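Q: Model the following, please.
(one chain, ligands or ions: 1)
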Amino acid sequence: MDQNKRPDSMERITTLALAQTFIDEQVKAVQEQVGDKKVLLALSGGVDSSVVAALLIKAIGKQLVCVHVNHGLMRKGESENVIEVFKNGLDANLIYVDATDRFLDLLAGVSDPEKKRKIIGAEFIKVFDEESAKLDGISFLAQGTIYPDILESIKQAKGKKAVKSHHNVGGLPEDMEMQLVEPIKLLFKDEVRVVGEALGLPHAMVYRQPFPGPGLGVRCLGAITRDRLHALREADAILREEFDNCGLAEKVWQYFVAIPDVKSVGVKDESRYEGWPAIIRAVNTTDAMTATIEEIPYPVLHKITARITNEVDGINRVLFDLTPKPTGTIEWE
Ligand code: XMP
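A: Numbers count the residues shown, from 1 in each chain. Next up, the predicted model:
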């Protein structure tokens, strides 16, 4: 039987009861596969790796070693939240690596989007490898692979050209000695969320909007600077807070701020004030291949504009991106 093919008979996991059955089966399967050995997991805080972490903690407890690499391109509060949920909440064996300076130093002055993506992807693997080399006796590598990832790699193997070099964990070394543990590889995203809820993960984590591997790095457009990255993180947090407040967070598939490397003339406290524009993007899609624009009520946009321009240093304008995909991709880079 092809382990990477979802059997036609596999029931869609739509309820907590079905999720519980799946969890029980996987706990047993993982225990059998792993025995008393140790398993390593790159825990980004995204839905997939979080669900795998919670599932494996249930199955093998401290035999799971989670490594959370903060590349300095996380959204506001995100790394703190990973520590709170997994280390404090689930008593996970969690190694936290703050690699912010390494990433930002490497990215300084790099404006080409593909170069930025490649640097972030390669450095991520490097940091992760360095951390795992410090650990003794790891026999398995867990991954949050899900079924669309498998379908996508089959498509790419058939020669379709990728629009962007997406990355999560990235290419695994061919001579890797660790065996893979991929407990959710036959699940679709909606099923992963139900399983996450059944495992008791916070709703906000399980229903988190998609966030690209290179993080805010592809939203701080052009060459990343620390001051513009800081402004982006603060503006993005305000956008998320306001979308939460008015119920849009539940309705819109993906929403975020991007900031270009451009300044315009503005006025603040009766003086000339040169600042960046914050670009808001709010899109709906089913498969991320095409996307439409959510109609945000003007009062909401006015409130977000007022808050961002008043509360975030360096921003003097707010723009709303009306471009569907195509012609725009969802991310700006
Ligand atoms: P684009 O910009 O290609 O994005 O229209 C489609 C979806 O993919 C997300 N995205 C990524 N996700 N690693 C990821 O895991 C990446 O490198 C990456 N780049 C883009 C994007 O946020 C959108 O949801």
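Q: since we're on Leu94, how many residues are nearby?
A: By the criterion of other C-beta atoms under 10 Å, Leu94 has 21 neighbours. Bear in mind the C-beta positions are built from the backbone N, C-alpha and C, glycine included.
Q: Show me what it bridges to in the sheet.
A: Cys66 (DSSP bridges).
Q: Quick check: it touching Leu41?
A: No. Contact between Leu94 and Leu41 fails when scored by C-beta atoms under 8 Å: they sit 9.7 Å apart.
Q: and for the two, which residues touch both?
A: Counting by C-beta atoms under 8 Å, 6 or more residues apart in numbering, the shared contacts of Leu94 and Leu41 are Cys66, Val67.
Q: For the stretch 201-333 of the chain, which segments are assigned as strands?
A: 254-258, 264-268, 271-284, 292-293, 315-320 (DSSP state E, counting those that start in this stretch).
Q: For those, give me CSV that also has mean pLDDT and mean neighbour count.
A: CSV is the format used below for these (pLDDT from 0 to 100; neighbours: other C-beta atoms under 10 Å):
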stretch, mean pLDDT, mean neighbour count
strand 254-258, 98, 22
strand 264-268, 97, 11
strand 271-284, 98, 18
strand 292-293, 98, 14
strand 315-320, 98, 18
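Q: Distance to Ala133 added to those strands, as a markdown table?
A: Formatted as a markdown table, the strands of the stretch 201-333 of the chain follow (distance: least, C-beta to C-beta, whole Å):
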| stretch | distance to Ala133 |
| --- | --- |
| strand 254-258 | 34 |
| strand 264-268 | 47 |
| strand 271-284 | 39 |
| strand 292-293 | 46 |
| strand 315-320 | 41 |
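Q: Among the ones you listed, which comes closest to the ligand?
A: Checking those against the ligand by C-beta to the nearest ligand atom gives strand 254-258 as the closest, at 5.3 Å.
Q: got the contact list for the nearest residue to Val97 once chain neighbours are set aside?
A: Distance criterion C-beta to C-beta, 6 or more residues apart in numbering; nearest residue to Val97, sequence neighbours excluded, is Val69 at 4.9 Å. The contact partners of Val69, taken as C-beta under 8 Å, 6+ apart, are Ala42, Ser44, Val97, Ala99, Phe124, Val127, Phe128, Glu131.
Q: What of Leu151?
A: Contacts of Leu151 (C-beta under 8 Å, 6+ apart): none.
Q: Read off the pLDDT value for it.
A: At Leu151, the model reports a pLDDT of 90.
Q: Could you shift the numbering so residue one becomes 26, and keep it that way?
A: Happy to do that; since the first residue is 26 now, the last one works out to Leu176.
Q: State the helix or strand in which it lies.
A: helix 172-182 (DSSP states H and E).
Q: Name every strand pairing with the helix or strand that that helix is followed by and say which way it goes.
A: Downstream of helix 172-182, the next assigned helix or strand under DSSP H and E is strand 204-206. According to DSSP bridges, strand 204-206 forms sheet pairs with strand 163-167 (parallel).
Q: and the strand it pairs with, which residues are buried?
A: Going by neighbour count (16 or more other C-beta atoms under 10 Å), the buried part of strand 163-167 is Ile163, Ser164, Phe165, Leu166, Ala167.
Q: all helices for this structure, in order.
A: For the chain, the helices defined by DSSP state H occupy 41-59, 72-85, 103-107, 125-132, 138-158, 172-182, 214-223, 228-231, 251-270, 273-276, 323-336.
Q: Quick one: neighbours of the nearest residue to Gln58 once chain neighbours are set aside, just the number.
A: In space, and not counting its chain neighbours, Gln58 is closest to Val206: 6.4 Å by C-beta to C-beta, 6+ apart. Val206 is flanked by 26 other residues according to other C-beta under 10 Å.
Q: What of Ala229?
A: 11.
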